[in-house]
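Participant: kindly return the folded structure for what I paste below:
(chains A and B)
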Amino acid sequence: MTIKIYNTLNNRKEEFIPRQPGKVDMYVCGPTTYDLIHLGNARPLIVFDTVRRYFEYSGFEVNYVQNFTDIDDKIINRAREEDADPLALAERYIKEYYRDAGALGVRPATKHPRVSEHLPEIIEMIQKIIDNGYAYVVDGDVYFSVSKFSGYGKLSGRKLEDMMAGARIDVDERKNHPMDFALWKAAKPGEPSWNSPWGKGRPGWHIECSAMANKYLGMGFDIHGGGFDLIFPHHENEIAQAEACAGCGPFARYWMHNGFITVNEEKMSKSLGNFFTVREILAKYDPEVVRFYILSTHYRSPLDFDDTKLEMNKKSLARLHNALDNVEALLHSVSYGQSDVSMEREIVQLHKGLEKAERDFREAMDDDFNTALAVASLFDLARETNAFGKAMAEHAGKPLPESVREILEQVRDKFLKLSEVLGLFERREAVNKDESAQLLEKLMALIIEVRQEARSKKDWATADAIRNKLSEIGIILEDTPQGVRWKKSK
RNA sequence: GGCGGCAUGGCCAAGUGGCUAAGGCAGAGGACUGCAAAUCCUUUAUCCCCGGUUCGAAUCCGGGUGCCGCCUCCA
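Facilitator: Numbers count the residues shown, from 1 in each chain, chains lettered A, B, ... in the order given. The predicted model follows:
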């Protein structure tokens, strides 16, 4: 079984062949840290985190590099508005980034390099590009000469001639070609700057990624990712810089780009002002719901955002949680051992469902990380499992064979294993361990006992009053064939 | 103007040549329940329009309509 990846470089799905067997080197463009991240920023984080998780699940060792752009016009402007130091401001938002990303179940990359810590590498790279004849210096600025680089446009599928037609106004007259872009910007008064062979200044936007990817992954690394809007000019320029510097290619072998989050079918972006920060969304929705929502669509498709979509996904996700709750309850509320009940037929059926679910899951993920389809396999497994639980209910009160317990444990373990790839259901284990949780457990047992007493006397008024009052304070009681259980409502 | 993408049931969303077009949400009916909840079963699509290729197309080709993105900072 091999993984197929849709490669923007040639707009085709290709079999993924790693540079080194068993290893994946990937670089994903991280945020410019001048503000809280919004949902549009969160999509690539979740998508590529999932890509990484699936590679790891498939047995690869993943070296995942994601940068922070902590030197940039927007940071400088924001710092000026707040009368703050630009690097300190960037540092602050890097911390906020970790908070949001962590909440969404995005694991830290193997390495999070920052521009501010790689000036020597960047300067060295620029010098080499100049030496190789692909860049020129004008008044302390350094520009990349796109017409010198024959491969320019190969990622975005554009030709220089075509782009000139649409190129906008205010072309800097000092540039040789309108599409030439800055590798180094001469310092303006009051801006942070660093010494360089061309005078004080700071790096252009694109060079950082070329330099840092090169440093940590080297030329020809496996996967480079980011949002669709980075294809041009950012990634096109990264390729030009890296390959002009090295004198050969490729810079990266597979390019993956995620689609946009839209609002009312329009791209969510800072400049349009139609964005929602992760922070404000998480104030209303469980991060797991947000993650599930993002993974419920293929990563290259656009994904429209509004509250009703989150509500829908919240309910969908609850179905999976219920299925897992059901399995846990069956494991704990039924006695297993000597039994005159045979459930062989159902066990065989569930076992088949279990194998099919895993097979379907892998096939889906192997096919360009089709998370939407992978999720469907979890729902299939949930249905099979619930049906099994229904069959068990017919033997309620009797001990069941160990083989029933075993298959349920297998289902639970597989379910958690597969959903871990998607970054879901990871926090279930952690809860219910502290003292007050244990106390709550005992308290609920007591309340349920009292209510059962009322039920046995057919005192429905009391029984329902208890259930309703509990519901009001956020606890849901369920009378199942295997006994009463409770859970917190979400 | 150049380049690219999308259009699947009430909603979301897989599927890119061939068994009965996944899955979820919502709706309807039934089962279970003291009533609920949870769950199970049943049920809802000629795949934007027109033409073509093919034994056969949601899927390929041509044309049309509508929407979106990139070409400028943007995930």
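Participant: neighbours of A:Y64, how many?
Facilitator: 25 (other Cβ atoms under 10 Å). For the C-beta atoms, the positions are set from N, CA and C on the backbone; glycine is no exception.
Participant: okay, buried residues for the helix ranked longest in chain A please.
Facilitator: The longest helix of chain A (DSSP state H) is helix A:307-333. For helix A:307-333, burial by neighbour count (16 or more other Cβ atoms under 10 Å) applies to A:310, A:313-314, A:317, A:320-321, A:323-324, A:326-327, A:329-330.
Participant: check the residue of the stretch 151-300 of chain A found nearest RNA strand B and give its pLDDT.
Facilitator: In the stretch 151-300 of chain A, the residue that lies nearest RNA strand B is A:G227 (1.8 Å; Cβ to the nearest atom of the strand). You'll see A:G227 listed with a pLDDT of 95.
Participant: so which residues of the stretch 101-250 of chain A form helices?
Facilitator: Using DSSP state H, counting those that start in this stretch, the helices of the stretch 101-250 of chain A run over A:119-131, A:160-166, A:207-217, A:236-246.
Participant: contact partners for the residue of the stretch 151-300 of chain A closest to RNA strand B?
Facilitator: A:29, A:40, A:43-44, A:257-258, A:260 (Cβ atoms under 8 Å, 6 or more residues apart in numbering).
Participant: same thing but at 7 Å, please
Facilitator: Contacts here follow Cβ atoms under 7 Å, 6 or more residues apart in numbering; on that basis A:G227 touches A:44, A:257-258, A:260.
Participant: go on, A:T2?
Facilitator: By Cβ under 7 Å, 6+ apart, A:T2 lies in contact with A:15-16, A:366.
Participant: apply 6 Å and report the result again.
Facilitator: Residues near A:T2 by Cβ atoms under 6 Å, 6 or more residues apart in numbering: A:E15.
Participant: now it: how far from RNA strand B?
Facilitator: Counting by Cβ to the nearest atom of the strand, to the nearest Å, the separation of A:T2 from RNA strand B is 15 Å.
Participant: spell out the secondary structure type for that residue.
Facilitator: coil (DSSP: H, G, I helix; E, B strand; the rest coil).
Participant: could you report the pLDDT at it?
Facilitator: With respect to pLDDT, A:T2 scores 90.
Participant: the one 5 residues further on too?
Facilitator: Looking at A:N7, its pLDDT is 94.
Participant: hey, what's it bridged with?
Facilitator: For A:N7, the beta-bridge partners are A:R12 (DSSP bridges).
Participant: next up, the contacts around it.
Facilitator: Contact partners of A:N7, counting by Cβ under 6 Å, 6+ apart, are A:14, A:254-255.
Participant: residues in the stretch 101-250 of chain A within reach of RNA strand B, list them.
Facilitator: By Cβ under 7 Å from any atom of the strand, the part of the stretch 101-250 of chain A that sits against RNA strand B consists of A:156-159, A:162-163, A:165-168, A:179, A:181, A:205, A:226-234.
Participant: type out the ChimeraX command that picks the buried ones from these.
Facilitator: This is the ChimeraX syntax for the buried subset of those, where burial follows 16+ other Cβ under 10 Å:
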select /A:158,163,179,181,205,226,227,230,231,233,234
